[in-house]
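J.: predicted model follows, preceded by the sequence.
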2 protein chains.
Amino acid sequence: MTPHTEWLRRALLATALTVAGPALAADDGKVANFLLDNGMEVVVIPDHRAPIVTHMVWYKIGSADEPPGKSGIAHFFEHLMFKATTNHAAGEFDRAISDIGGSNNAFTSYDYTAFHETVTPSALEQMMRFEADRMRNLILTDEVIKTERDVILEERRSRIDSNPEAVLDEEVDATLWQNQPYRIPVIGWMQEMEQLNRTDAVAFYDKYYRPNNAVLIVAGDVEPDAVKALAEKTYGKVARGPDLPPRIRPVEPEQNTRRTVTLTDGRVSVPSFSTQWVVPSYHTAKPGEAEALDLLGEILGGGSRSRLYQQLVVKQGIASGTGAFFQGTMLDATNFTVYGAPRGDAKLSDVEAAVDAEIARIVKDGVTADELEKAKARYIRALIFARDKQDEMANLYGAELATGGNVKDIEEWPDRIRKVTADEIKAVAARYLLLDRSTTGYLLPQQQAGN
Amino acid sequence: MTPHTEWLRRALLATALTVAGPALAADDGKVANFLLDNGMEVVVIPDHRAPIVTHMVWYKIGSADEPPGKSGIAHFFEHLMFKATTNHAAGEFDRAISDIGGSNNAFTSYDYTAFHETVTPSALEQMMRFEADRMRNLILTDEVIKTERDVILEERRSRIDSNPEAVLDEEVDATLWQNQPYRIPVIGWMQEMEQLNRTDAVAFYDKYYRPNNAVLIVAGDVEPDAVKALAEKTYGKVARGPDLPPRIRPVEPEQNTRRTVTLTDGRVSVPSFSTQWVVPSYHTAKPGEAEALDLLGEILGGGSRSRLYQQLVVKQGIASGTGAFFQGTMLDATNFTVYGAPRGDAKLSDVEAAVDAEIARIVKDGVTADELEKAKARYIRALIFARDKQDEMANLYGAELATGGNVKDIEEWPDRIRKVTADEIKAVAARYLLLDRSTTGYLLPQQQAGN
């Protein structure tokens, strides 16, 4: 679950933003939130600073919802959504966007699959028509499946199998998670991707690509009433699908061991490590715990003011990089991660010991009132910057709503962050960051084998 | 997948026998093999040395077939099979057996669930009537479910959660296997066992407890024709169930890393380790590979004549125990394991290094013609002893047929073992026993933490 590959980086934008700072609505309007008659949820975030609009559809289906043995089908389906429909040839949607100078993309993560376009407001209805069309009208022939399957297989070869860091990450994830489906790579296991077929794709499409399993986010130079009217004209015409069962997935048993996963590879030049723990997400945590984990990540390793950076990079000069992060916006339990790599003559084991020492110091002595206030301030500042980025704002709402949250959760987020106490941060560190119950990945150059 | 708990030990009897030596039929009759009209497979192994008969029903359903999030239901169902049916009160079957001086038991493994009774031949029809009755006529009330669920939860607490070795084994299995369902414990994860309910149980029963998903093994002082007539009178009356799809389960991706799992616990007195590799089983291997792995296990660590024992226990005197084994009789890919524990002042790391050295020696230099012949001879000798044990013979056939094999596979087994060459053994060692792609579990006493 570390963002080393492009589709993951795209997927984790929303999560990264959550780490950086939860948002208020954009400056100039109240966020509107309503349901269409067919069950599709809509969020409109007015933002009139520039004549652009970000249009996103989030499906509440991610890799962690895949049937056993069908890994990769959620991401595969993201690709298939760019194919021909009964109304439009393949590529027509993309060309329509580029013709008007817009941009578009899509991403798949553990909990959701999302499609987005940024265009002038006058093109919003057209975007909705295209997006509503491909929600139900894809033409899934064997030929389409075979061609696009070759594309995802090649994507896996180039992004994972030829990248030692990505290979290690996969096996670390599958070691950290022993039951919960986040252990399965978003792109899928090669031997299962090779078997994905038309029957699988059609079943997946019919089950999950439905208005009642989707969230529409429109952020930009628009008014909620106008968006609602357009949404009813376009998405509103798509028939509701069968009700889906609650997204109750296998959960993780208690971890009782310390686990390591080591990849030694000639292509690695600098050794590195990362240690992860299973921790609650915003969706599974008791009140205040996820907020405390967010601030713990910020204080321990959230940038150049953090303890890890100051101690290992600035003061001791032993690390070329180090940090910590918490991926809070997930449907199920998530991970807290620390990482580091040595600089100069320093050994990887020195860096790891220094990281462990910083964790132990927080577990024992907690954090100071001053650094807590500064961490909260950085959080709020990041939020102000986030307001400037319409697509990040849209991402934030989409990811939250696709992982069991709601608009109110986002609006109240800053206040919940402000309420976190130093004791709560010490408590989550002491409760979760136990080395005897951690999972560490080591990436080693060939000559360091055995280190 | 190491046999530390009773139900696993019971389940692995068949596997252990496979390691000890594959069997011919019992001395005095040809093995009969036929299907009833409802699809139930029958194997009769005549053995007239004593007036007893072993009666077993094997269902081709094990923990690795369980739906996601329902771990433990196969083993739970083994328990439920001893409850009341529409024709018999709970306990009546057990009492009928003990009244005639017979014995009975049941076990659940990854690939199958089996029920067996050993009685006088005159009671065979009665056993069949009881067994055929509970195949379809269990009364599964909420009360029955609740009571027996408490029993399996207590079984988990006492056998796993209060036993550091068992806790470690679970997390090692879930680290070795990152996709294939052997990573899930047979008894189930506690949080999922707690949720097993009547709906789950009824669905499981209706799907899997059917004559066309069962194998009847009768070994003993009986004739095939008579057994066939009795089977038709009893099991033959049970309606065939819906056809089940092929047992195609998620398979393991290639392992690229070295993994470790360490449990440090105050209750541990002597440290120990075991290292495992994913290897093909008799059901998944290319011709000859599984036989070579069986003999590799025998030569490397199959008892007091093995290299590991002779080198580490006898010659160096550093190990209190060491060995190797291959669990060949599995439906999917399986594991090859080496293990060791230090003696006296020796360190665990010394024992591990010495085990690794013995593996490296076989990978580099292979095995000698002499030790290969002796290993084959031990295999054959074990087979002769196995013939003396009617229930082990029945187990062997049951396990083989429940994991994709057939009677011919068993009959030809000794010849396939005889054909293995020294080169083939060196080749499987070199191909599979790579330390950079292994998974090691360490069980450490508290004071040795960090060793």
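T.: Looks like it arrived, so ask away. Numbering: from 1, shown residues only, chains lettered A, B, ... in the order given.
J.: tell me the spacing between A:Met40 and chain B.
T.: Distance, A:Met40 to chain B, using C-beta to the nearest C-beta, to the nearest Å: 28 Å. All C-beta spots, glycine's among them, are computed from the backbone N, C-alpha and C.
J.: what of A:Arg129?
T.: From A:Arg129 over to chain B the distance is 38 Å, taken as C-beta to the nearest C-beta.
J.: so what does the nearest residue to that residue once chain neighbours are set aside look like in phi/psi?
T.: Counting by C-beta to C-beta, 6 or more residues apart in numbering or on different chains, A:Thr234 is the residue found nearest to A:Arg129 once chain neighbours are left out, at 5.3 Å. The phi/psi pair for A:Thr234 (degrees, to the nearest 10) reads phi -110, psi -80.
J.: and for A:Thr234, the neighbour number?
T.: 22 (other C-beta atoms under 10 Å in any protein chain shown).
J.: where does the prediction get shaky in chain A?
T.: Counting by pLDDT under 70, chain A has low-confidence residues at A:1-28, A:383-384, A:387, A:448-451.
J.: for it, what lies in contact range of chain B?
T.: Chain A comes close to chain B at residues A:68-69, A:71, A:167-168, A:170-171, A:174-175, A:178-179, A:181, A:183-184, A:189-192, A:248-251, A:253, A:255-264, A:436, A:449, as judged by C-beta under 8 Å from any C-beta of the partner chain.
J.: for the closest residue to A:Gly317 other than its chain neighbours, phi and psi?
T.: Nearest non-adjacent residue to A:Gly317, counting by C-beta to C-beta, 6+ apart: A:Arg343, 6.7 Å away. Phi and psi for A:Arg343, reported as degrees, to the nearest 10, are phi -120, psi 140.
J.: now A:Leu35
T.: The phi and psi torsions at A:Leu35 (degrees, to the nearest 10) take the values phi -110, psi 140.
J.: quick revisit: for the residue nearest to A:Gly317, give its distance to chain B.
T.: Counting by C-beta to the nearest C-beta, the gap from A:Arg343 to chain B is 25 Å.
J.: who are the contact partners of the residue of the stretch 1-150 of chain A found nearest chain B?
T.: Across the stretch 1-150 of chain A, no residue is closer to chain B than A:Gly69, which sits at 4.3 Å (C-beta to the nearest C-beta). Counting by C-beta atoms under 8 Å, 6 or more residues apart in numbering or on different chains, A:Gly69 makes contact with A:192, A:195, B:248-250.
J.: helices along the stretch 351-451 of chain A, start to end?
T.: A:369-387, A:390-402, A:407-418, A:422-432 (DSSP state H, counting those that start in this stretch).
J.: and A:Glu125, that's in a helix?
T.: Yes. Applying DSSP: H, G, I helix; E, B strand; the rest coil, one finds A:Glu125 inside a helix.
J.: which helix or which strand is home to the nearest residue to it once chain neighbours are set aside?
T.: Among residues not flanking A:Glu125 along the chain, A:Leu230 sits closest, at 5.1 Å (C-beta to C-beta, 6+ apart). In the assignment (DSSP states H and E), A:Leu230 maps to helix A:224-233.
J.: stretch A:265-275: how far from the chain's middle?
T.: Relative to the mean C-alpha coordinate of its chain, stretch A:265-275 is positioned 24 Å out (C-alpha atoms, centre = their mean, to the nearest Å).
J.: need the contact list for the residue nearest to A:Met40 when sequence neighbours are not counted.
T.: Counting by C-beta to C-beta, 6+ apart, A:Pro211 is the residue found nearest to A:Met40 once chain neighbours are left out, at 3.7 Å. Shown in contact with A:Pro211 (C-beta under 8 Å, 6+ apart): A:36, A:38-40, A:135, A:235, A:238-241.
J.: my read: A:Val167 touches A:Asp161, true?
T.: Yes. A:Val167 is within contact range of A:Asp161, at 6.7 Å (criterion: C-beta atoms under 8 Å).
J.: which one of those two has more residues nearby?
T.: The residue with more neighbours, out of A:Val167 and A:Asp161, is A:Val167; 19 against 15, by other C-beta under 10 Å.
J.: which stretches of the stretch 101-250 of chain A form helices?
T.: So, for the stretch 101-250 of chain A - with DSSP H, counting those that start in this stretch - the helices run A:124-136, A:142-156, A:164-176, A:190-193, A:198-208, A:224-233.
J.: out of those helices, which one sits most buried?
T.: helix A:164-176 (a mean of 24; mean count of other C-beta atoms under 10 Å in any protein chain shown).
J.: how about the strands in chain A?
T.: Remark: strands assigned in chain A by DSSP state E are A:32-35, A:41-46, A:53-59, A:103-108, A:113-119, A:214-220, A:258-265, A:272-279, A:319-326, A:334-342, A:439-445.
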